[in-house]
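# coordinates only, no sequence provided:
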């Protein structure tokens with residue numbers, strides 16, 4: 001996960017699920033996000049007009065963070081708030097996001113999720129092959145994606 005996380009997994013993208021005023025769902029990837037406390041995740045609105053519009057109509061959201069190589073992650077549920085640049089807390093909430101972008105992308109708003117519930121996400125292989133180690137499952141994922149881990 002991005003800056004500020006204590007999670008063992010390393011999610012590169014998170015997936016933000018919202019619902020519009022007509023109850024039509026929308027899921028979109030977000031790559032600039034940070035957990036800034038036990039109960040808050042902030043996401044940069046760089047090109048998220050639909051997500052922002054949906055949250056203004058219905059603030060209930062769900063975010064999935066998955067490490068594709070470990071095939072596990074977390075689902076975060078709660079209420080989101082759109083923080084505009086003129087909001088008194090914008091600079092503080094945007095700081096970890098600005099640090100991640102290096103100023104390369106304008107952050108139009110901060111989507112601030114107040115996390116009400118966190119649930120683990122596990123690939124079915126964790127449940128259906130409990131005798132296999134995490135290392136074996138991870139090796140399978142590397143093979144599936146045709147990549148090798150970086151040796152440090």
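Yep, it's here. In this text, all values refer to a predicted model and were calculated from it rather than measured experimentally.
# and the longest strand anywhere in the chain, which residues are buried?
In the chain, taking DSSP state E as the definition, the longest strand is strand 109-122. Neighbour counts over strand 109-122 (16 or more other Cβ atoms under 10 Å) mark 109-113, 115, 121 as buried. For glycine as for every other residue, the C-beta is placed from the backbone atoms N, C-alpha and C.
# other SSEs contacting it?
Helices and strands touching strand 109-122, by 3 or more Cβ pairs under 8 Å, 6 or more residues apart in numbering; DSSP states H and E, are strand 40-45, helix 49-57, strand 60-67, strand 72-83, helix 90-101.
# tell me the most buried of these?
strand 40-45 (a mean of 24; mean count of other Cβ atoms under 10 Å).
# let me know the closest of the buried residues of strand 109-122 to residue 63.
residue 113 (6.3 Å; Cβ to Cβ).
# which ones are touching the residue nearest to the closest one when sequence neighbours are not counted?
Leaving aside its sequence neighbours, residue 113 sits nearest to residue 41 (Cβ to Cβ, 6 or more residues apart in numbering; 4.4 Å). Contacts for residue 41 (Cβ atoms under 8 Å, 6 or more residues apart in numbering) come out as 14, 33-35, 63, 76, 112-113, 115.
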